[in-house]
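> here is a sequence with its predicted model. Questions after.
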Amino acid sequence: MNAVITAALPVFALILTGWLAARWRILGSGATDALNRYVVYLSLPALLFRAMTQVDLAHMAHWGFVGAFAGGIAVTFAAAFMDRRGAARALTDRSIEGLAASYANAGYMGIPLCLALFGADSLAPATFTTLLTASVLFGFAIALIEYDRQQTPHLGPTLLRVGRALMRNPLLAAPVLGMIWSTTGLALPSGLDRYLDLLGASASPCALVTIGLFLAQTETSAAGRGVLKLVAGKLLLQPLATALLAFQVFSMPPLWAWTAVLMSALPIGTGPFMLAQMYGRDARATSRAILVSTVGSILTVSLLVAWISAHPPA
């Protein structure tokens, strides 16, 4: 319980703060977009860039970690994508459902939670999960959607569209640029490092408050069977598959294994909702799944945090 109170409770308390700020009209509807853009384009990229400039890539080639986390994503995505209920639906809608079932809220919620529970040593693996989620998974879903939208699909134009979309994503560009900088072996100038430190320090609280603002504006009508399947896939199937791969199939340091499991157990992020809106699809089910999974994760993530604390990584 001490770990839940010290690590998980502050995270959910900040989300609640954002929700109450919206409900009490302390922050209006425009604040959600403004704060979201601040996190996506300024504070979180600064945190990710600075973190990756300080890592030693030669000691971080844990391909088992990539296999475990990506494997958990693949299992969950496939389960939602191949659902019989949606077998006759458009590839675009099935792709968004698969994304919703497997898209962890890694950047906004995962990084703050890992820092609170594991400390700074978890920032590198947590950043890698953000890369895998925001680039590989997101890019794969966009590729499927673009393929579906073209009357005469061609691989070249599809890949070009996906590449452009990913290059414009600062949550992908920032850590990649940080990794490139780290290969030079040079330290950041002290003034720039301090600037990035101050800007990045605001990422966690602002991101969590933004989640609360978004949830306060999400429709709260009853969740249908399809929504509950997405939530069950995200909160139960994905962490179970990841844990099996991390501890039984692949080899990696215990801290990395637990980070993979914790990040896979997070609720659904806003990426699927944004993609549904971008392509003009019905986003109501996705927004409800985000809301239900976030509320449900108060229990599931807290239980996982308590379990990890009882079996701390060596």
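That came through fine. Please read all numbers here as calculations on a predicted model, not as lab measurements.

> CA atoms of the host helix or strand of residue 112 as CSV?
Element membership for residue 112, per DSSP states H and E: helix 111-118. Extracted in CSV, the C-alpha atoms of helix 111-118 (Å, rounded to 0.1, in the frame of the first residue of the first chain):
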residue,chain,number,x,y,z
ILE,A,111,6.8,7.9,-17.8
PRO,A,112,5.6,9.7,-14.7
LEU,A,113,4.6,6.4,-13.1
CYS,A,114,7.9,4.7,-13.9
LEU,A,115,9.9,7.6,-12.5
ALA,A,116,7.8,7.5,-9.3
LEU,A,117,8.1,3.7,-8.9
PHE,A,118,11.5,2.8,-10.3
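
> which helices and strands does the helix or strand following it pack with?
Next along the chain after helix 111-118, taking DSSP H and E as the criterion, comes helix 123-131. Counting contacts by 3 or more Cβ pairs under 8 Å, 6 or more residues apart in numbering; DSSP states H and E, helix 123-131 packs against helix 44-53, helix 63-81, helix 111-118, helix 170-182, helix 254-264. Placement of C-beta: from N, CA and C, glycine included.

> turn these into CSV, columns for distance to residue 103, mean neighbour count and mean pLDDT.
Below are the helices and strands packed on helix 123-131 laid out as CSV (distance: least, Cβ to Cβ, whole Å; neighbours: other Cβ atoms under 10 Å; pLDDT from 0 to 100):
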stretch, distance to residue 103, mean neighbour count, mean pLDDT
helix 44-53, 16, 24, 84
helix 63-81, 8, 21, 93
helix 111-118, 15, 22, 86
helix 170-182, 13, 19, 82
helix 254-264, 11, 26, 94
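
> adding distance to residue 137, write those out as TSV.
Shown next, in TSV, are the helices and strands packed on helix 123-131 (distance: least, Cβ to Cβ, whole Å):
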stretch	distance to residue 137
helix 44-53	17
helix 63-81	6
helix 111-118	17
helix 170-182	11
helix 254-264	12
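
> which one of the ones you listed lies nearest to residue 303?
helix 254-264 (11.6 Å; Cβ to Cβ).

> between that closest one and helix 111-118, how many degrees?
For helix 254-264 against helix 111-118, the angle by axes from the mean of the first three to the mean of the last three Cα atoms, to 10 degrees is 140 degrees.

> beyond helix 254-264, next helix or strand please.
helix 271-278.

> so, low pLDDT: which residues of the stretch 101-250 of the chain?
Within the stretch 101-250 of the chain, the stretches with pLDDT under 70 are 150-155, 158, 162, 165-166, 219-224.

> mind listing the helices for it?
Counting by DSSP state H, counting those that start in this stretch, the stretch 101-250 of the chain has helices at residues 111-118, 123-131, 138-149, 155-167, 170-182, 190-201, 203-216, 225-232, 238-244.

> what sits against the closest residue to residue 212 other than its chain neighbours?
Using Cβ to Cβ, 6 or more residues apart in numbering and skipping the chain neighbours, the partner closest in space to residue 212 is residue 18 (2.3 Å). Residues near residue 18 by Cβ atoms under 8 Å, 6 or more residues apart in numbering: 27, 208-216.

> which one of those is nearest residue 8?
Nearest to residue 8 among the contacts of residue 18: residue 208, at 11.8 Å, using Cβ to Cβ.

> hang on, the closest one packs against residue 11?
Yes: the pair residue 208 / residue 11 is scored as a contact, 6.1 Å apart, by Cβ atoms under 8 Å.
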